[in-house]
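Undergrad: My questions concern the predicted model and sequence given below.
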Amino acid sequence: MTDFHRYLAYSVPTAFLLIALWALVSFIRNKNPSDWFWNLLALVQVVIAIQVIVGGILFLMDHRPASNGPTWLHYVYGGLFPGALLVFAHRYARTERFKSIPWAVFGVVAFVCFGLTFRALQTGLGID
């Protein structure tokens with residue numbers, strides 16, 4: 001189960017970076033992204049939920065990240081902050097200000113989530 005959590009963890013920052021770059025290209029081209037953008041966003045949200053569940057199981061099985069620093073950072077960077085930011089993005093993208101370009105909100109949030117989940121991956125692998 002630890003290997004599954006580790007291998008799946010590589011896909012999360014990669015997907016967030018892809019979403020952020022896709023939003024940037026859409027912004028530069030002044031075109032809405034295709035439906036695949038939203039499919040990828042939905043997929044990464046499901047993967048994060050799976051990661052949190054698997055991580056919780058590993059935590060209960062006493063498998064902690066091999067970090068030299070505080071291990072709680074792994075949980076905050078990998079699950080809590082990205083989850084909170086995605087909830088914020090869903091709420092903020094519906095406002096009148098961004099109703100015509102909700103993908104821009106998700107692009108910015110995806111970039112921040114990329115940094116957070118990349119750092120969670122580093123702390124989980126013991127890279128401090």
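TA: Yep, that arrived.

Undergrad: Please, which helix or strand holds the most centrally placed residue in the chain?
TA: Residue closest to the average C-alpha location in the chain (CA atoms, centre = their mean): residue 113, at 4.6 Å. Using DSSP states H and E, residue 113 sits within helix 102-125.

Undergrad: coming back round to it: in this structure the residue nearest to the centre of the chain contacts residue 85, no?
TA: Yes - counting by CB atoms under 8 Å, residue 113 touches residue 85, with 5.8 Å between them. Where you see a C-beta, it was placed from the backbone N, CA and C, and this is true even at glycine.

Undergrad: Distance of residue 79 relative to residue 103?
TA: Counting by CB to CB, to the nearest Å, the gap from residue 79 to residue 103 is 24 Å.

Undergrad: In stretch 51-63, which residues are buried?
TA: Under the neighbour-count criterion of 16 or more other CB atoms under 10 Å, stretch 51-63 has 51-52, 54-55, 58 buried.

Undergrad: Also stretch 38-45?
TA: 40-41, 44.

Undergrad: How far does that stretch sit from its chain's centre?
TA: Here stretch 38-45 is found 10 Å from its chain centre; the criterion is CA atoms, centre = their mean, to the nearest Å.

Undergrad: count of neighbours near the nearest residue to residue 61 once chain neighbours are set aside?
TA: For residue 61, ignoring the flanking residues on the chain, the nearest one in space by CB to CB, 6 or more residues apart in numbering is residue 1 at 7.7 Å. Neighbour count of residue 1, defined by other CB atoms under 10 Å: 11.

Undergrad: chain center to the helix holding residue 113: distance?
TA: Mean C-alpha position of helix 102-125 versus that of the full chain (CA atoms, centre = their mean) differs by 5 Å.

Undergrad: For it, enumerate the helices and strands it packs against.
TA: Helices and strands touching helix 102-125, by 3 or more CB pairs under 8 Å, 6 or more residues apart in numbering; DSSP states H and E, are helix 2-29, helix 35-60, helix 72-75, helix 81-92.
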